[in-house]
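*Asks:* Provided below are the primary sequence and the corresponding predicted coordinates.
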Amino acid sequence: MNPLLALSDPLFDHGVTGVIILIVLIKIVVGFGALMNAVILMIWFERKAISDMQSRIGPQRWGPFGLLQTMADGLKLMGKEDLIPAEADRFVFKLAPFLVVIPAFITFAIVPIGGTMHIAGHVVQLQMANPPMGILLMLAMSGISVYGVMLAGWSSGSKYPLLSSVRASAQMISYEAALGMTIVIVILVTGSLTTHDIVLSQGGNILHWNLIRLGLVPFAIFLIAITAELNRPPFDVVEAESELVGGFHTEYSSFRFAIFFLAEFMNTITMSAVMVTLFFGGPAGWVPPVAHLKWIFPIVWFLIKTTIFCFCYIWFRAALPRFRYDQLMDLGWKRLIPLSLGWMLVVAGFLISWRWGLLMGSVVIFAWLVLTRAFELGKTRESGPERVLPTIGQRPIPGPVIRKLSDGDS
Amino acid sequence: MANPFKFFNGFNLTLRHIARPTVTTSYPQAKRAKQPRQHGRHVLNRYEDGMEKCIGCELCAGVCPVNCIYVRGLDNPPDHPVSPGERYGYVYEINYLRCIHCDLCVEACPTQAITESKMFEFSFTNRADAIYTKAELLVDDQGNPQRLPWEDWRSGEAAMTGGWMRATSPAGDASFEGVVQWTADLGEGVRAPEAGQSENRDDVATGSKQIREVFYRHLQPEDVPLDRRGLQGLVRQAKEKIPEGMLERLPRRHRGEK
């Protein structure tokens, strides 16, 4: 038996038998089914919630409360013509949707959706897999889904999708840095990469949750960065219906478009679940003293927390206008990355001793002041943003600006 | 410095909208109240004794800017006259592929024979159906517009005819606006004035509702009518919903009267 595998999952402690393979298969099938059903419900929930926020009715025709609307939309998409543009790179065009949807599935596999169960004498963790690299898998998968979006736009052989793929790669890479930094903060206090340990270390009462334990800032950074990772509003410059006609999936139709749509909502659910895992103790919560149904309450807690975050994404979409591209880059590079880096240093300092913590705190404050001054100076520089980008309301005048930048002062 | 918490105003607003009623009307199942003075398809009216109001003068055809009306008059047969006057409308046709519902015909008519209902929900699959003849335009024996199979009539809509004529002044003098100057109709008698520009109107009788009364909960705070604002406004609305008999039993000081 591979000792590394046994280390992370007690199921494999005594070797692999037929029963254990069966248990793993059941976990995979149940997880897959649950996620697919959750996506269908999520699409319905998003449409219903946002229509409530806009004083509309939303889907209501198919099934009770319009619950079957997603199925109807899916069937409609299946029946449509599957177009591939003449200019498209056919292989990459066909590959791209799967590069988006498969990582969405795999990321969900590492999320603990409940505590542990005893089945046929085996200890079973209620999560599809618990690899030793744990949360790094999520970062790797979100990195691959960037390729999916980027290649989809590039291979379409069309202008708007290409613009979208350029935006997607820039946006997702720049926010991934802040995302990774906040995950590092969580890993620092947990001391382990596996999601199971991250959840276990937050057990006990609500004060042990990473949300409280690390201060609210890492959670806030993670929430913003993950929203940008997901390309959800207000960070949806990648899709931007009003600018790019749907962005990277403009040229997609039929089943391939359905896959993109599915992946987007699946990612929303998965990332909500990851956020609950990292900051809200995952399935942690009050368990009433009932004899046989104890395993069900963590799952209920997990579902409640995840649903709240799914609602938060919908709320963002209803409340916030889309960021402009340069504002997006400003927020990512100038605010979130320095902030997450500074917070990580402070947390690391306090983990050693309070003296190191205070020292790191003062270093971070000093660095923050220097950075603020640097941004101020940078604004008034010749090639600063005010020179290149006109303020809102003015027409851009590229001729004189370019001449000034290339010829120097005249 | 700007208030940083203003950023969250949008969140607050969207959340509060969840509790508000929806503005959407599920249209084919339910209809929104028609606007006052709405222009729909025409009807040819009758007097209370069943005589046709049209005298075949062709003024409507003359004034029509798109030439969609075709009228031919004929002398009334002495033994069984169709209209009270000398002549009557022998042929009356309106082509609804051309009609722009400007209501100039209604304004031109000297006897209020042609008025417009509020029916706009009609469609046809061939050009012949688009030309309404006298058989389709004339009100039936009860005084109601004829319900043609391709029109979507609901209860109460048949009574809402001639709104525009009854909202403006047929005499052309603004001071007569909303003052009854029109002849009685078959089955209905003298119809109530429709909501015009002035206050002299009866919205209950004509079945029309102003849109800001229907959706007042979606108005901006400063646009809400004074008597609907705040806690007192809520109390006042609640009192409006109390049935007549219940209010009488309350002590005088709770009735909201002076």
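*Replies:* Thanks, I have it.

*Asks:* closest point of chain A to chain B, which residue?
*Replies:* Closest approach between chain A and chain B, counting by Cβ to the nearest Cβ: A:Ala319, at 3.9 Å. Just so you know, the C-beta spots here come from the backbone N, C-alpha and C atoms, and that holds for glycine as well.

*Asks:* What count of nearby residues applies to the closest residue to that residue other than its chain neighbours?
*Replies:* Take A:Ala319 and drop its neighbours on the chain: the residue closest to it by Cβ to Cβ, 6 or more residues apart in numbering or on different chains is B:Gly10, 3.9 Å away. The tally of other residues near B:Gly10 (other Cβ atoms under 10 Å in any protein chain shown) stands at 15.

*Asks:* Need the three-state assignment for B:Gly10.
*Replies:* helix (DSSP: H, G, I helix; E, B strand; the rest coil).

*Asks:* Tell me if I'm right that it and A:Trp315 touch.
*Replies:* No. With contact taken as Cβ atoms under 8 Å, B:Gly10 and A:Trp315 are classed as non-touching, separated by 9.4 Å.

*Asks:* follow-up on the earlier one: and the pLDDT for the residue nearest to A:Ala319?
*Replies:* As summarised for this prediction, B:Gly10 has a pLDDT of 84.

*Asks:* what do you get for A:Leu11?
*Replies:* What the model reports for A:Leu11 is a pLDDT of 71.

*Asks:* Equivalent analysis for A:Lys27, please.
*Replies:* On the pLDDT scale, A:Lys27 is placed at 86.

*Asks:* For it, which non-adjacent residue is spatially closest?
*Replies:* Distances taken as Cβ to Cβ, 6+ apart put A:Met128 closest to A:Lys27, at 5.3 Å, once the chain neighbours are dropped.

*Asks:* for the one you found, helix, strand, or coil?
*Replies:* Quick answer, by three-state DSSP: A:Met128 is coil.

*Asks:* isn't it right up against A:Ile28?
*Replies:* Yes. Here A:Met128 reaches A:Ile28: they are 5.8 Å apart, a contact under Cβ under 8 Å.

*Asks:* more neighbours, those two?
*Replies:* Applying other Cβ under 10 Å to A:Met128 and A:Ile28 shows that A:Met128 carries more neighbours, namely 22 against 14.

*Asks:* domain assignment for the chain?
*Replies:* If you meant another chain, say so; for now it's chain A. Under automatic domain parsing, the residue ranges defining each domain of chain A are A:3-352, A:355-410.

*Asks:* look at chain B instead
*Replies:* Taking automatic domain parsing as the domain assignment, the record places the domains of chain B at B:33-210, B:215-258.

*Asks:* now chain B, which segments are flagged as low pLDDT?
*Replies:* By pLDDT under 70, the weakly predicted segments of chain B are B:1-2, B:169-172, B:174, B:195-223, B:247, B:250-258.

*Asks:* Which single residue of it ends up nearest chain A?
*Replies:* B:Gly10 (3.9 Å).

*Asks:* Contacts only, for the nearest residue to A:Ala72 once chain neighbours are set aside.
*Replies:* In space, A:Ala72 comes closest to A:Trp62 once its chain neighbours are excluded; the distance is 4.7 Å by Cβ to Cβ, 6+ apart. A:Trp62 makes contact with A:68-69, A:71-72, according to Cβ atoms under 8 Å, 6 or more residues apart in numbering or on different chains.

*Asks:* next one: the lengthiest helix in chain A to chain centre, how far?
*Replies:* With DSSP state H applied, the helix covering the greatest number of residues in chain A is identified as helix A:18-53. When C-alpha coordinates are averaged (Cα atoms, centre = their mean, to the nearest Å), helix A:18-53 and its chain have centres 17 Å apart.

*Asks:* Can you name the element that comes right after it?
*Replies:* Towards the C-terminus, the helix or strand next in line after helix A:18-53, according to DSSP states H and E, is helix A:69-78.
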